[in-house]
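**Q** how does the following fold in three dimensions:
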Amino acid sequence: KWLVQAKPGDELEELPGTTSQAAMLFADASGFTALTERLALKPDGAELMCQIMNRFFRAVIAIVTRYRGDVLKFAGDSVFCAFEVGQSSG
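**A** Numbers count the residues shown, from 1 in each chain. Have a look, this model is predicted:
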């Protein structure tokens, strides 16, 4: 939403936002590559992998939201989450 283009020496306005302390979680599906290679040999391997990863991500999302965390990003077989532990400035 915010794009700032600046040259060296330019003074920048402070952008809106807040600073918070947070615990970060990076969760990765263990054995993903090996499982993908095995499933690639099956005619319905892609569909099976999709079902497995959907179950994995649903479980991670349920745990993260149960503890009031936020899912920030999915990337391949991993998910990046944040749990705010305190707001330090606004």
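
**Q** what residues does Asp28 make contact with?
**A** By C-beta atoms under 8 Å, 6 or more residues apart in numbering, Asp28 lies in contact with 77-78. Where you see a C-beta, it was placed from the backbone N, CA and C, and this is true even at glycine.

**Q** show me where the protein has its strands.
**A** Assigned by DSSP state E, the strands in the chain fall at 19-28, 70-75, 78-89.

**Q** for the longest helix seen in the chain, packing partners?
**A** The longest helix of the chain (DSSP state H) is helix 45-66. In terms of contacts (3 or more C-beta pairs under 8 Å, 6 or more residues apart in numbering; DSSP states H and E), helix 45-66 is packed against helix 32-39, strand 70-75, strand 78-89.

**Q** could you pull up the mean pLDDT of the last one?
**A** So the one you mean is strand 78-89. Averaging pLDDT along strand 78-89 yields 81.

**Q** got it, and the second one?
**A** Strand 70-75 carries an average pLDDT of 94.

**Q** sheet partners, orientation included, of it?
**A** Partners of strand 70-75 in the sheet, by DSSP bridges, are strand 78-89 (antiparallel).

**Q** what comes up buried for stretch 48-66?
**A** Along stretch 48-66, these residues count as buried under the neighbour rule (16 or more other C-beta atoms under 10 Å): 49, 52-53, 56-57, 60, 64.

**Q** which residues are contacting that stretch?
**A** Applying C-beta under 8 Å, 6+ apart, the set of residues contacting stretch 48-66 is 25, 27, 29, 35-36, 39, 42, 70-71, 74, 77, 79, 81, 83.

**Q** which of the residues you listed lies closest to Lys7?
**A** Relative to Lys7, the closest of the contacts of stretch 48-66 is Asp70; by C-beta to C-beta it sits at 34.5 Å.

**Q** what's the burial count for the closest one?
**A** Residues lying near Asp70 (other C-beta atoms under 10 Å) number 12.

**Q** tell me the contacts of Phe80?
**A** 24-26, 71-74.

**Q** can you redo the contacts of stretch 48-66 as a markdown table with distance to Glu11?
**A** Shown next, in a markdown table, are the contacts of stretch 48-66 (distance: C-beta to C-beta, whole Å):
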| residue | distance to Glu11 |
| --- | --- |
| Leu25 | 37 |
| Ala27 | 41 |
| Ala29 | 46 |
| Leu35 | 52 |
| Thr36 | 50 |
| Leu39 | 55 |
| Lys42 | 60 |
| Asp70 | 33 |
| Val71 | 36 |
| Phe74 | 37 |
| Asp77 | 43 |
| Val79 | 38 |
| Cys81 | 36 |
| Phe83 | 35 |
